[in-house]
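Peer 1: What follows is a predicted protein model with its sequence.
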Amino acid sequence: MEKAKVYFDDFRAPVGTSVLKKLDRLIRKAGMEEMDFQRKLVAIKMHFGEPGNLTFLRPNYAKVVADMVKELGGVPFLTDCNTLYAGRRKNALEHLDAAYENGFSPLSTGCQIVIGDGLRGTDDVEVPVRGGAYIQSAKIGRAVMDADVFISLTHFKGHEATGFGGAIKNIGMGCGSRRGKMEQHAAGKPRVSRRRCVGCRVCSHHCGQDAISYGEDKRAVIDYEKCVGCGRCIGVCNFDAIFSPDDSANGELNRKMAEYAKAVVDGRPAFHISLVQDISPYCDCHGESDIPILPDVGMFASFDPVALDQACVDACLKLDPIPGSLLDQRMHEEGFVDQHDHFCNTTPDTEWKSCLEHAEKIGLGSRDYELIRL
């Protein structure tokens, strides 16, 4: 069987060129300009960044992709679906405000922005998952599924629940409606270490389900009838007081996410781009951005999202941690156990291999790839 092709270029930009020109060249070489865009509606799925976060992809990158789609006769739009957690992107109006605040607009990107699952995150379509072991029908934002062609534009970084956030997460979790996100997260629910909790109440402010209250000792208490297991509280706790007690929960989340991604791309033209830069320890859903855990790598593109994620993580694992980063801090903590994996060392309760293994098993793509350097 022929290996999947993943194309790569670095961020070096000598005088007379630019990273944006290199991105244009990369996606052409990878085959995007050979796709049929004529009179097609084209969804470009990306993350607009939670306000306060500064590691999300700049609008300039989106414009390169949108301009090529228009050049080839298509009608592009940028899209993302509403979040499950409390924040500035939980409904379409605030989500658009957040996108505009972070620089995304028709003027800066050359195309419109459409929130994929509507005003309150309830406008979705049930899409069958062929070969799915966990999901029979994924709940995907209607605008995402109404598009003729799908393109993912991903910021590759660490993630507090899935190890890293790559193309599959951008597609699978990102295109799920609010109830779709709940379905993916429902396997595991966090617990509170009362010894570590200081009662700062940050977790309750970020809980979209109003599931966290405080006992007489001023320590956090989770109402599991309300909790949907989204893991947001784990990521925002500065004292590591909230954790996932279920070792299988992350694996199940990863496999569900892969099945959601397959539902999105199955049966229609799709292309995928990942930029491995500003490799923050956590998702761009955070309203802050810690310093990167690893140096910038470059730009990757492929028709195969599984091969793309595998190539990106392989490149990251060859690098040395950035001194002073969260990864470096973890590696110098007392009792540190080296997992020989930068993403698992950053967030020890996570793993990412189950996602790629399951994605390959259900036919989303292949982990076996050929890297073509430009």
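Peer 2: Noted; the coordinates are in hand.

Peer 1: helices or strands next to the lowest-mean-pLDDT helix or strand in the chain in the packing?
Peer 2: Using mean pLDDT, DSSP states H and E, helix 232-236 stands out as the lowest-scoring helix or strand of the chain, at a mean of 77. Secondary-structure packing of helix 232-236 (3 or more Cβ pairs under 8 Å, 6 or more residues apart in numbering; DSSP states H and E): helix 202-205, strand 242-243. For the C-beta atoms, the positions are set from N, CA and C on the backbone; glycine is no exception.

Peer 1: again, only using 6 Å
Peer 2: For helix 232-236, the elements it packs on are helix 202-205, judged by 3 or more Cβ pairs under 6 Å, 6 or more residues apart in numbering; DSSP states H and E.

Peer 1: Give the buried residues for the helix it packs on.
Peer 2: Residues 202-204 are the ones in helix 202-205 that count as buried (16 or more other Cβ atoms under 10 Å).

Peer 1: Then stretch 260-268?
Peer 2: Here stretch 260-268 shows 260-266 as buried, counting by 16+ other Cβ under 10 Å.

Peer 1: and what of stretch 295-314?
Peer 2: Neighbour-count burial for stretch 295-314 flags 297-313 (criterion: 16+ other Cβ under 10 Å).

Peer 1: which SS class is residue 52?
Peer 2: Classification of residue 52 by DSSP: H, G, I helix; E, B strand; the rest coil places it in coil.

Peer 1: wait, it sits on residue 287?
Peer 2: Yes. Counting by Cβ atoms under 6 Å, residue 52 touches residue 287, with 3.7 Å between them.

Peer 1: quick revisit: can you add distance to residue 147 and pLDDT and give the buried residues of helix 202-205 back as TSV?
Peer 2: Converted to TSV, those look like this (distance: Cβ to Cβ, whole Å; pLDDT from 0 to 100):
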residue	distance to residue 147	pLDDT
202	37	93
203	36	93
204	37	93
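
Peer 1: Contact partners for residue 125?
Peer 2: By Cβ atoms under 6 Å, 6 or more residues apart in numbering, the contact set of residue 125 is 140, 142, 145.

Peer 1: Show me those that map onto strands.
Peer 2: residue 140 (DSSP state E).

Peer 1: which one of the contacts of residue 125 has the most neighbours?
Peer 2: Highest neighbour count within those, by other Cβ atoms under 10 Å: residue 140, with 24 neighbours.

Peer 1: List the beta-bridge partners for that one.
Peer 2: In this entry, residue 140 is beta-bridged to residue 125, residue 176, by DSSP bridges.

Peer 1: any idea how far it is from residue 112?
Peer 2: Counting by Cβ to Cβ, to the nearest Å, the separation of residue 140 from residue 112 is 19 Å.

Peer 1: one step back: which of the buried residues of stretch 260-268 lies closest to residue 274?
Peer 2: Each of the buried residues of stretch 260-268 was checked against residue 274 using Cβ to Cβ; the closest is residue 261, at 13.4 Å.

Peer 1: For the helix or strand harbouring that closest one, name the packing helices and strands.
Peer 2: Here residue 261, judged by DSSP states H and E, is contained in helix 247-265. When contacts are defined as 3+ Cβ pairs under 6 Å, 6+ apart, helix 247-265 packs onto strand 137-141, helix 167-172, helix 353-361.

Peer 1: Any chance of JSON lines for those, columns mean pLDDT?
Peer 2: Shown next, in JSON lines, are the helices and strands packed on helix 247-265 (pLDDT from 0 to 100):
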{"stretch": "strand 137-141", "mean pLDDT": "97"}
{"stretch": "helix 167-172", "mean pLDDT": "98"}
{"stretch": "helix 353-361", "mean pLDDT": "98"}
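
Peer 1: Residue 100 is nearest to which of those?
Peer 2: Among those, strand 137-141 sits nearest to residue 100 (Cβ to Cβ), with 19.4 Å.

Peer 1: can you give me how far that closest one is from the chain middle?
Peer 2: From the chain centre to the centre of strand 137-141 is a distance of 17 Å (Cα atoms, centre = their mean, to the nearest Å).

Peer 1: Show me what it is in contact with.
Peer 2: Strand 137-141 has contacts (Cβ under 6 Å, 6+ apart) with 81, 116-117, 124-129, 175, 177, 179-180, 260, 263-264.

Peer 1: picking that back up, mind checking which of the buried residues of stretch 295-314 are in strands?
Peer 2: 298-302.

Peer 1: Mind putting these into a markdown table with distance to residue 292?
Peer 2: Formatted as a markdown table, these follow (distance: Cβ to Cβ, whole Å):
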| residue | distance to residue 292 |
| --- | --- |
| 298 | 14 |
| 299 | 16 |
| 300 | 17 |
| 301 | 21 |
| 302 | 23 |
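
Peer 1: can you name the farthest residue from the center of the protein?
Peer 2: Most distant from the centre of the chain: residue 216, at 37.8 Å, with distances by Cα atoms, centre = their mean.

Peer 1: gap between that one and residue 199?
Peer 2: According to Cβ to Cβ, residue 216 and residue 199 sit 11 Å apart.

Peer 1: And for residue 304?
Peer 2: Counting by Cβ to Cβ, the gap from residue 304 to residue 199 is 47 Å.

Peer 1: All the helices of the stretch 201-350 of the chain, residue numbers only.
Peer 2: Applying DSSP state H, counting those that start in this stretch to the stretch 201-350 of the chain gives helices spanning 202-205, 232-236, 247-265, 305-317, 326-331, 342-346.
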